[in-house]
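**Student:** fold the following and give me the result.
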Amino acid sequence: MGIQESLPGGVILTSLETVAGLARAGSMWPATFGLACCSIEMMSTGGPRWDLARFGMEVFRGSPRQADLMIVAGRVSQKMAPVMRQVYDQMPDPKWVIAMGVCASSGGMFNNYAIVQGADHIVPVDVYLPGCPPRPEMLIDAILKVHEKAKATKMGAHRQAEITELEELALQAEPTSAMKGLLR
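**Tutor:** Below is the predicted model of the structure:
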């Protein structure tokens, strides 16, 4: 006989991490960080047709201290990179990043000295959203994937162990200079 059978009806068993994850996913506030044409699609996602309010994200925050999701929409120039890093550093933990569009993901067609070749050179990216520009439906799908990550985020000592494990895996990854195939 398990504990579920011995408890009276109406008692819900769960962990604090699960409740906190559901609360995080249900009240995620994005930071306004539109840099180019992808930001038009990001703004339309917040409009009445696609309605981000149904996910608890009706307000794009102007202050990074009130946001926990950064949507990098568009190409990141070398001049904008330190500003993007500063906004990311000012966001409270836990925080997530979506690289929206091919320019934010990999520099896009702008393979020159003025454009950063991917937002992941500046901040850690959780979800890459392809397209030029990606449709609002695609952004909603990426946001739902971030919600799944938020629900699975651990707390306390478990979070520190998870961060350590992820850092060790990143250090063991093969560098791109050693990769063969389409990269060269």
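**Student:** OK, contacts around Ala119?
**Tutor:** Taking C-beta atoms under 8 Å, 6 or more residues apart in numbering, we find Ala119 in contact with Val72, Val76, Met84, Val97, Ala99, Ala104, Ser105, Val125. For every residue, glycine as well, the C-beta is placed using N, CA and C.
**Student:** most widely separated two among the residues you listed?
**Tutor:** The two members of these with the most space between them (C-beta to C-beta) are Met84 and Ser105, at 14.1 Å.
**Student:** measure the closest residue to His147 other than its chain neighbours to Gly101 for me?
**Tutor:** In space, His147 comes closest to Ala25 once its chain neighbours are excluded; the distance is 4.0 Å by C-beta to C-beta, 6 or more residues apart in numbering. Per C-beta to C-beta, to the nearest Å, Ala25 is found 24 Å from Gly101.
**Student:** go on, Leu35?
**Tutor:** Counting by C-beta to C-beta, the gap from Leu35 to Gly101 is 9 Å.
**Student:** more neighbours: the two, which one.
**Tutor:** Set side by side, Leu35 and Gly101 show more neighbours around Gly101, with 31 against 20, by other C-beta atoms under 10 Å.
**Student:** the more buried one and Pro48, how far apart?
**Tutor:** 23 Å.
**Student:** same check on Ala81?
**Tutor:** To Pro48, Ala81 is 34 Å away according to C-beta to C-beta.
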